[in-house]
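Q: Quick one, structure for this:
(chains A and B)
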Amino acid sequence: MKSRMNSSANNGKIIGVMLFVVGIFASMMVYLGYFVATNEQDMINNSYNHRQELILAKNYRGSIYSSDGQILAQTALNSKGEEVRYYPYENMFSHVVGFSTHGRTGIEDFANYYLINSDISLINKVENTTAGRKNPGNNAYTTLNYDIQQAAYQAMGIYEGAVIVTEVSTGKILAMVSKPDFDPNTVVEMWDKWVENDESSILLNRVTTGLYPPGSTFKIMSTLEYIKEHKNEYQNYTYTCRGSYKKGDMTIHCYHNSVHNRVNLTKSFAKSCNTSFVNLAMGLDRDSFSDTLDKLLFGKNLSLDFSTAVSKTPINAQMSDEEMLQASIGQGTVQITPIHLNMITSAIANDGLLMKPYLVDRIESADGDLVHAYKAKEYGRLMSEEESAALQVLMKEVVENGTANRMKGYGYTVAGKTGSAEYNSLGDSHAWFTGFAPAEEPEIAITVIIESAGAGGDYAVPIARRVLDAYFK
Amino acid sequence: MQQFLVEVSKYILALCMAFYTLDSLLVFANRNEQEGGFLYVRQAFWIFVIQLGSFYNLAVLSRDWMYVYMYLAMQVLLVLILCVTSIVYQKINRLLLNNMCMLLGIGMIMIARLNMDKAVKQFKIIAISYVICMLVPIIITKCKFISKLTWGYALIGLIPLSMVLVLGETTLGSKLSFTIQGITFQPSEMVKVMFVLFLAASLSKGTTIGRVLLTGAVAAAHVGVLVLSRDLGSALIFFVAFLLVLFVASGSYLYLIIGLVAASGASVFAYHMFTHVKIRILAWTNPWTYIDNQGYQITQSLFAIGSGSWFGMGLYQGVPDDIPYVEEDFIFSSICEEFGTLFGMCLLLVILSCFLMMIKIALKCKTPFYRYAAFGFGIVYIFQIFLTVGGGIRFIPITGVTLPLVSYGGSSMVTTMIMFFVLQGIYMVAVKEGDKFHAGKENFKHRKNRTEKTNESLEEREDFDEKQDEFISE
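A: Numbering: from 1, shown residues only, chains lettered A, B, ... in the order given. Coordinates of the predicted model:
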């Protein structure tokens, strides 16, 4: 009798343990489902996973297209009947499209999963297999525009550097050129040579992973901070430029020792007056400036579909005045990637809201059915609408009456900022231009850096103009 | 046509598995598992469809006649198990029997696909184990003394365990097995049965402090020997079984809390004491960093599952052999790779339905010994599944235990089959008890004179029935 009482008393405990176990199994299954739903592509793309080769034994790699239908990469058979990856435009798309013949880079890497898989109809698959043919992999349609890419590629000529053009309302990347470049058709033969002669680092995509001193383009950030701190009276700012500014042991000169005399904020920005900006920056709250730069994604891993280098600034509450002097005009230890500067520019043009830059628009099966569409996504708000409007006005003036006036009078309006970033003590500089067009109703943002060329207004602006010509033609 | 069949078969197989799983769960809608005979026949049908579809794929894609022979042999064995068992033991629990056959079948498909030699060995082991198992329910139902062999179980268990410690061969830093005349034994597997019987026998006599301490000491001896042999996976299973059976038998949360505190302390200790524990934790937290060495196994397992995705790469079309020890410890990952994760999830639900049935059997038993034994076996079974599947999908660190009835491994197979048949025996005891009870209830309705005592006990019984209702509606 006693034991029976005992056994009905522990029913509840047994059921409790059972429910606990069921709960654990439920969470394990949810975990498994979540893993499969979110990790499939990463798992297949990992080079330690040999299953790619299995898939490629059944399918051949799909093609990559520009948005206007040009083939940027395709797999064809050579005279011996072997599969070869062929890049018709050779060097022109080398970094952005990348290659899949010696490891993978660029879009070849990003879209790898789709390119090697085939989503043609089952009937076609069966037909192919019975005929002993491989299935065609899916095709990737990029956001790249052939004409703009070509214009940028040709405008850069023999210079080294980078150009990126994006659509501000969507984040679509229309062109991405990095020089020096290489011919992806010859990756296998040339690999060792390229890796040996590393000084020119031709494999590096300078748009995404090149870190440069921003030079005067950094005045956009200093100005934004100044506007934030002086919401209502920033237009009252005045300063008298004598060509140099002294603080402690350090003297800052205006570019080419120009003297700008009496300037307000608009003129300081348009003429890129260093002394005025140093003066302005010395009054900024460094703590708040550091927050603003945080919001502008300095020191952050950009969460994009491709890897990027991290832009750096030394600005914080504890920094010395000397460091602040240099940082405020984008010299010293400040560094930025061209794509990051382009994102900031694009946000200014899009009323403060940054759209996430992306390269692949959609994936289609070889039958032409949509497999996956990449949608425009908001990256986040980098600044308020008022702040971006104020910067837009200042940047227009740079083209109208400032350092980028070589852009005026080509049938479209532009706004932007030039930069000449000194990278050694001899005063040699990289030429920058970052801006958007049309100035009133911005459609695209363009960022150009030409290494070791000289002043931004002299070298980067004309190249940017030729790219814009191609867009507005 | 052939190509077409191969291409669509993975969807068909997943669908069949889903239907089977649904039936496994529908069993619980019937209050009495003896009803719903059609449902069990339908389940058997799905088992054979999955066998046919899978072996067809294997044979067509490999062009190896071995798969045809293996298919035929396995079908004969499965038909025998299903028919002979239910003819000899008419009151058998059909869900447990069907599920056992389903798991054996899927295991055979996967092992045959991975390694035909191992599959042939596994086949023999299943056949021999089945013969042994047919005796088990008789022993359970007829031999009343089995509930009194408390110290016998402890002794039968501890001796071979200690033998491993002395004679054992080291695999992967753990002493797991020893070999006598060419046959390798892994006693920690077989001792599981003895251990659960020991716990049930001992704790069914009461849960006074003295008895709890004594039982705890014997359990500690088991766990201690296993820890010394560095078989931490088994040590964990034994410990959890002890803790939960004690919790249920005593009804005391205090024991549960003491146990959990002791376990956390022991884990910290194990982490610092054993390098292979440290490595496994490292591989769990950072598999991608150590992909070349410590994390190799788990990352390959994740590749298999991730590449297979929902519907799998198709049988014979993946590379599950990339995972080290796939037939033993990572069979679940290889199933997910080739059959697909949906199939794998169904498999987990089938396993869960086994566990639920074991719990239902425990609740049905009125004699504490049987009740605790059924509950203990349920815990040992499901906890091992948790360790192996959870380890393979990186839910928890890898412990290196097998997936019972599915993985390759003789000791594990014999033990789990015996466990299933012990449960069948217990089930038959419970059904008999229930019949007696119902008969008593009927009698009672027609009798007017009764003693107060029977009245009391009846109320308890009704109370019990109500609780069962609750359970069923869960």
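
Q: Could you pull up the contacting residues of the residue in the stretch 151-300 of chain B that chain A sits nearest to?
A: Each residue of the stretch 151-300 of chain B has a distance to chain A, by C-beta to the nearest C-beta, and the smallest belongs to B:V248, at 4.7 Å. For glycine as for every other residue, the C-beta is placed from the backbone atoms N, C-alpha and C. Residues in contact with B:V248, defined by C-beta atoms under 8 Å, 6 or more residues apart in numbering or on different chains, are A:N10, A:K13, A:I14, A:V17, B:Y372, B:F375.

Q: and residue 350, what are its phi and psi?
A: In the absence of a named chain, this looks at chain A. Dihedral angles phi and psi of A:N350 (degrees, to the nearest 10) take the values phi -100, psi 40.

Q: returning to what we had before: flag the least confident of the contacts of B:V248.
A: Within those, pLDDT reaches its minimum at A:N10, with 78.

Q: pretty sure it contacts B:G251?
A: Yes: using C-beta atoms under 8 Å, A:N10 is in contact with B:G251, at 5.5 Å.

Q: Neighbour count: these two, which is higher?
A: Between A:N10 and B:G251, counting by other C-beta atoms under 10 Å in any protein chain shown, A:N10 is the more crowded of the two (22 against 14).

Q: give me phi/psi at the nearest residue to the more buried one once chain neighbours are set aside?
A: In space, and not counting its chain neighbours, A:N10 is closest to B:V248: 5.0 Å by C-beta to C-beta, 6 or more residues apart in numbering or on different chains. Backbone torsions for B:V248, taken as degrees, to the nearest 10, come to phi -70, psi -40.

Q: so how far is A:K13 from B:V248?
A: When C-beta to C-beta, to the nearest Å is the yardstick, B:V248 and A:K13 sit 5 Å from each other.

Q: ok, which stretches of the stretch 1-150 of chain A are helices?
A: If DSSP state H, counting those that start in this stretch is used as the criterion, the helices of the stretch 1-150 of chain A fall at A:2-9, A:11-45, A:51-58, A:94-97, A:106-110, A:112-116, A:122-130, A:146-156.

Q: List the buried residues for the longest one?
A: By neighbour count on 16 or more other C-beta atoms under 10 Å in any protein chain shown, the buried set for helix A:11-45 is A:11, A:13-15, A:17-18, A:21-22, A:25, A:28-29, A:32, A:35-36, A:39-41, A:43-45.

Q: what kind of secondary structure is the residue in the stretch 201-350 of chain B that chain A sits nearest to in?
A: Ranking the residues of the stretch 201-350 of chain B by distance to chain A (C-beta to the nearest C-beta) places B:G306 first, at 2.6 Å. Secondary structure for B:G306, judged by DSSP: H, G, I helix; E, B strand; the rest coil, is helix.

Q: Now it: closest residue in space, sequence neighbours ignored.
A: A:M43 (2.6 Å).

Q: now B:N286
A: What sits nearest to B:N286 in space, not counting adjacent residues and going by C-beta to C-beta, 6+ apart, is B:G295, at 6.8 Å.

Q: doesn't B:R280 make contact with the one you found?
A: No: contact criterion C-beta under 8 Å: B:G295 and B:R280 do not qualify, at 10.1 Å.

Q: re the thing from before, how about the residue of the stretch 201-350 of chain B closest to chain A, what does it touch?
A: With contacts defined as C-beta under 8 Å, 6+ apart, B:G306 is in contact with A:F35, A:V36, A:N39, A:E40, A:D42, A:M43, A:I44, A:N49.

Q: of all the residues in the stretch 151-300 of chain B, which ones are close to chain A?
A: For the stretch 151-300 of chain B, the residues in contact with chain A under the definition C-beta under 8 Å from any C-beta of the partner chain are B:S204, B:L244, B:F247, B:V248, B:A249, B:G251, B:I291, B:T299, B:Q300.

Q: Which ones among these lie within strands?
A: With DSSP state E as the criterion, strands contain none of these.

Q: For those residues, give me JSON lines that also has pLDDT.
A: Putting those into JSON lines (pLDDT from 0 to 100) gives the following:
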{"residue": "B:S204", "pLDDT": "89"}
{"residue": "B:L244", "pLDDT": "95"}
{"residue": "B:F247", "pLDDT": "93"}
{"residue": "B:V248", "pLDDT": "91"}
{"residue": "B:A249", "pLDDT": "91"}
{"residue": "B:G251", "pLDDT": "87"}
{"residue": "B:I291", "pLDDT": "78"}
{"residue": "B:T299", "pLDDT": "87"}
{"residue": "B:Q300", "pLDDT": "88"}
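
Q: and which of these is nearest A:I348?
A: Distance from A:I348 was checked for each of those by C-beta to C-beta. The minimum falls on B:I291, at 41.9 Å.

Q: if I pick the spatially closest residue to the closest one that is not a sequence neighbour, what's in contact with it?
A: For B:I291, ignoring the flanking residues on the chain, the nearest one in space by C-beta to C-beta, 6+ apart is B:T299 at 5.0 Å. Under the criterion of C-beta under 8 Å, 6+ apart, the contact list for B:T299 reads A:N46, A:Y48, B:P287, B:W288, B:I291.

Q: ok, of the residues you listed, which one's closest to B:V350?
A: B:P287 (28.3 Å).

Q: Quote the end-to-end distance of stretch A:348-362.
A: 27 Å (C-alpha to C-alpha, to the nearest Å).

Q: can you give me the mean pLDDT across it?
A: In this model, stretch A:348-362 has an average pLDDT of 95.

Q: Name the SS class of residue 162, please.
A: I'll assume chain A. Counting by three-state DSSP, the backbone at A:A162 sits in strand.

Q: wait, chain B
A: Taken by three-state DSSP, the conformation at B:S162 corresponds to helix.

Q: Residue of chain A nearest chain B, please.
A: Residue nearest to chain B within chain A (C-beta to the nearest C-beta): A:M43, separated by 2.6 Å.

Q: Enumerate every residue touching that residue.
A: A:N49, B:L302, B:F303, B:I305, B:G306, B:S307.

Q: if we look at the strand or helix carrying A:A281, which residues are touching it?
A: Here A:A281, judged by DSSP states H and E, is contained in helix A:274-282. By C-beta under 8 Å, 6+ apart, the surrounding residues in contact with helix A:274-282 are A:216, A:219, A:222, A:226, A:237, A:239, A:241-245, A:247, A:252-255, A:260, A:263, A:265, A:268, A:321, A:324-325, A:327-329.

Q: Let me know how buried B:Q297 is, in neighbour terms.
A: Counted with other C-beta under 10 Å, residues neighbouring B:Q297 total 23.
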